[in-house]
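J.: I would like the atomic coordinates for the input below:
(one chain, ligands or ions: 1)
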Amino acid sequence: MLADLPPAPHRISTGSLPGWDEVDRLVIEAHAYAKASTDGEIATYIPRLAAVDPELFGVSVAEVDGAVHTAGDAEVAFSIQSISKAFVYALVIERLGHEAVRERVGVNNTGLPFNSVVAIELNNGHPMNPMVNAGAIATTALVPAASAEERWAAIQDGLSAFAGRRLELDGEVYTSEADTNQRNRAIGTLLQAYGRIDADPLAAVDVYTRQCSLLVTAADLAVMGATLADGGVNPVTGQRVVSASVARDTLAVLASTGLYERSGEWLFEIGLPGKSGVAGGIVTVSPGKGAIGVFSPRLDPAGNSVRGQLATRFLSQALGLDVFASDVHQHGPHPYSREKGGTP
Ligand SMILES: NC(=O)CC[C@H](N)C(=O)O
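T.: Okay, the predicted model is just below:
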């Protein structure tokens, strides 16, 4: 097992974005490019979400030096929904550590929709990963607190620190989901039946529902993501929110699970860790460089914003962010290269 070996030394690679003007121009261009699409459907299973204007569309990029670029409706608030899972997960690893959370919640993709009960049954009650509802409810229940109210306060404070401003609850979205979330309550209770959750599962589902109802903008998402890109320090406020290793762990999980059963397709097209939510937000992180926040309510069948994906793909390519892309090394062979014998 990987965990049985002592940690090996590692180096953190760096790189930089194009200049401010170029990033600004490309954010506006990405917005114009993706606006042409009217594909997808807004989420209606949470009744309040069905009332949103489907044309809303905002794009933002936040850089690790604190610069924030915006286009369109980047300052319009919407509920964070599943994107909260990424940041609550980071807060929990920060408190409990890499190993404990890996074991309790898991890091492997289920290949099934975010609210799947079958995935829990197929895996002997293991929630599998923190980006599906089962794993997210289990993660929320792990936030160290003496009561559900204290747990909620820790989450609201923690997510606000990622955003660099106080995030408030959308009471209507919360009530609308709380009245209709029988499925999430069933998931919480099923986890309890499997002994995978210690806290009161229905109280944990309630805190989870509140965290999903926090209001953010596309610009907030960009700053929250840029905090994960910046070794855990919010580049706008300068506040350390989580450690660099926690930021790294969170991004590794997002890379394989952030867009549910379409996570493979996302990584193939965009080449970056990201997390989507059913209100239409997506955050995408480029480690060491910055993050993209997008908002547009029309979704693909897995629940991911269609325009959001298009704008993010545009920016990943135009800003050179894809972590799998490389170019030929420009400086001729290394003096110890294989042709020269491979040794000094
Ligand atoms: N995919 C999502 O954004 C889902 C979040 C939503 N609150 C739910 O639990 O159903």
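J.: three-state assignment of the residue nearest to the spatial centre of the chain?
T.: Centroid-nearest residue in the chain, with Cα atoms, centre = their mean: residue 275, separated by 3.3 Å. What DSSP: H, G, I helix; E, B strand; the rest coil gives for residue 275 is strand.
J.: how close does it sit to residue 81?
T.: 10 Å (Cβ to Cβ, to the nearest Å). Using the backbone N, CA and C atoms, a C-beta is placed for each residue, glycine as well.
J.: now residue 323. Its backbone dihedrals?
T.: The phi/psi pair for residue 323 (degrees, to the nearest 10) reads phi -70, psi -10.
J.: and it, how close does it get to residue 305?
T.: With distances taken as Cβ to Cβ, residue 323 is found 21 Å from residue 305.
J.: between those two, which is the more surrounded one?
T.: Neighbours per residue, other Cβ atoms under 10 Å: of residue 323 and residue 305, the larger number sits with residue 305, 27 against 17.
J.: and the pLDDT at that one?
T.: Per-residue confidence (pLDDT) for residue 305: 97.
J.: and for the closest residue to it other than its chain neighbours, the neighbour number?
T.: Of all residues not flanking residue 305 in the chain, residue 280 sits nearest, at 4.4 Å (Cβ to Cβ, 6 or more residues apart in numbering). Using other Cβ under 10 Å, residue 280 has 31 neighbouring residues.
J.: could you confirm residue 167 falls within a strand?
T.: No: residue state for residue 167 (three-state DSSP) corresponds to coil; a strand is not indicated.
J.: that one contacts residue 215, doesn't it?
T.: Yes: at 6.4 Å, residue 167 and residue 215 qualify as touching, with contact defined as Cβ atoms under 8 Å.
J.: quickly list what's touching both of these two.
T.: The overlap between the contact sets of residue 167 and residue 215 (Cβ atoms under 8 Å, 6 or more residues apart in numbering) consists of residue 80.
J.: give me the more crowded residue out of these two.
T.: Between residue 167 and residue 215, residue 167 has the larger neighbour count (other Cβ under 10 Å), namely 24 against 16.
J.: read off the pLDDT value for the more buried one.
T.: Note for residue 167: predicted pLDDT of 98.
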